[in-house]
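K.L.:
Quick one, fold the following:
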Amino acid sequence: MFGLSPDDIDREAEVVNVVRQVRLVENKPVFAPPKRGKTRSVPL
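P.N.:
Numbers count the residues shown, from 1 in each chain. So this is what the prediction gives:
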């Protein structure tokens with residue numbers, strides 16, 4: 001949820017596109033690709 005951007009929501013198709021996640025690197029949060037680089041579209 002922390003990696004969600006308003007641009008990731010496709011209201012016309014009624015899906016949320018998961019294209020990033022938040023990871024801790026040296027105790028600092030950074031954006032990173034999803035696990036194994038798999039993006040997803042989740043129905044609303």
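K.L.:
pLDDT score for the residue nearest to Ser5 when sequence neighbours are not counted?
P.N.:
Take Ser5 and drop its neighbours on the chain: the residue closest to it by C-beta to C-beta, 6 or more residues apart in numbering is Arg20, 7.9 Å away. The C-beta positions use only the backbone N, C-alpha and C, and glycine is treated the same way. On pLDDT, Arg20 comes in at 93.
K.L.:
which residues touch Arg20?
P.N.:
3, 5, 31-34 (C-beta atoms under 8 Å, 6 or more residues apart in numbering).
K.L.:
how about a cut-off of 10 Å?
P.N.:
Counting by C-beta atoms under 10 Å, 6 or more residues apart in numbering, Arg20 makes contact with 2-5, 8, 30-34, 39.
K.L.:
same deal with Lys35?
P.N.:
Contact partners of Lys35, counting by C-beta under 10 Å, 6+ apart, are 21, 23.
K.L.:
Strands along the chain, start to end?
P.N.:
9-10, 15-18, 21-25, 28-32, 40-43 (DSSP state E).
K.L.:
winner for burial among these?
P.N.:
Compared across those, strand 15-18 shows the largest average neighbour count, a mean of 15 (mean count of other C-beta atoms under 10 Å).
K.L.:
Who does it pair with, and is each partner parallel or antiparallel?
P.N.:
strand 9-10 (antiparallel), strand 40-43 (antiparallel) (DSSP bridges).
K.L.:
Let's have the contacts of Arg20 in TSV, adding pLDDT and distance to Glu14.
P.N.:
Conversion of these to TSV gives the following (pLDDT from 0 to 100; distance: C-beta to C-beta, whole Å):
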residue	pLDDT	distance to Glu14
Phe2	80	22
Gly3	84	20
Leu4	89	15
Ser5	90	17
Asp8	94	13
Val30	95	30
Phe31	93	24
Ala32	93	26
Pro33	91	24
Pro34	88	20
Thr39	91	17
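K.L.:
nearest to Val16, of the residues you listed?
P.N.:
Distances from Val16 to the contacts of Arg20, taken as C-beta to C-beta, are shortest for Asp8 (5.8 Å).
K.L.:
pLDDT value on the closest residue to that closest one other than its chain neighbours, please?
P.N.:
Nearest residue to Asp8 in three dimensions, chain neighbours excluded: Asn17, at 4.8 Å (C-beta to C-beta, 6+ apart). pLDDT recorded at Asn17 is 95.
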